[in-house]
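# just a sequence and a predicted model for now, questions to come.
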Amino acid sequence: MKRFTSGSKVAQGFYWNIGRWELANIGAAGGTLPGHDGDRFVKVPLVAALAAAPLFGLVFVMFLPFIGVAMVGALAVKKVVAVLHGGASSVAATVAQSSALPGEAYLTGTKHEGEARKDAAVDELAREVSERRK
């Protein structure tokens, strides 16, 4: 069997993407193979494609219930993890010890370091208190 790569110009027919398990149908005028760089294709004879179609349909019908259960299970697990993570992170932010100074309140759970005070009177009062302590 001859192998082709994505982007190759090919004649009419069915081409099987080996890595992605996809079937590409190229029309009567021919064309280029779709896919990403490095995708490999094999030309599938028409008789083999017609024989494989009912087999793929049977496999799909047999495994569809399992696929549905797996998808619902994965969704439920994601939702539970999201709820637990959100609750745990809010509790951790509330009870976590920070480098807070006594007498200061950090009601948002975080300390805003490096912020300049917006009130000049407070800065003046702080300077006066430090001078009197000396």
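Yep, it's here. Keep in mind it's a predicted model, so treat the numbers as computed, not measured.
# please export the C-alpha coordinates of the helix or strand harbouring Trp16 as PDB.
Element membership for Trp16, per DSSP states H and E: strand 13-17. This file holds the C-alpha atoms of strand 13-17, laid out as PDB (Å, rounded to 0.1, in the frame of the first residue of the first chain):
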ATOM      1  CA  GLY A  13     -10.600   8.000  -3.700                       C
ATOM      2  CA  PHE A  14     -10.800   7.300   0.000                       C
ATOM      3  CA  TYR A  15      -7.700   8.000   2.100                       C
ATOM      4  CA  TRP A  16      -7.400   6.700   5.700                       C
ATOM      5  CA  ASN A  17      -5.500   9.000   8.200                       C
END
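# return the set of buried residues in the helix or strand just after it.
Next along the chain after strand 13-17, taking DSSP H and E as the criterion, comes strand 22-26. For strand 22-26, a neighbour-count test (16 or more other C-beta atoms under 10 Å) marks 24, 26 as buried. From N, CA and C alone the C-beta is placed, and that goes for glycine too.
# and for stretch 34-48?
So stretch 34-48, judged by 16+ other C-beta under 10 Å, has buried residues 35, 39-41, 43-44.
# now those residues in JSON lines, with distance to Val72 and pLDDT?
Shown next, in JSON lines, are these (distance: C-beta to C-beta, whole Å; pLDDT from 0 to 100):
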{"residue": "Gly35", "distance to Val72": "31", "pLDDT": "85"}
{"residue": "Asp39", "distance to Val72": "32", "pLDDT": "89"}
{"residue": "Arg40", "distance to Val72": "35", "pLDDT": "92"}
{"residue": "Phe41", "distance to Val72": "35", "pLDDT": "93"}
{"residue": "Lys43", "distance to Val72": "39", "pLDDT": "92"}
{"residue": "Val44", "distance to Val72": "34", "pLDDT": "90"}
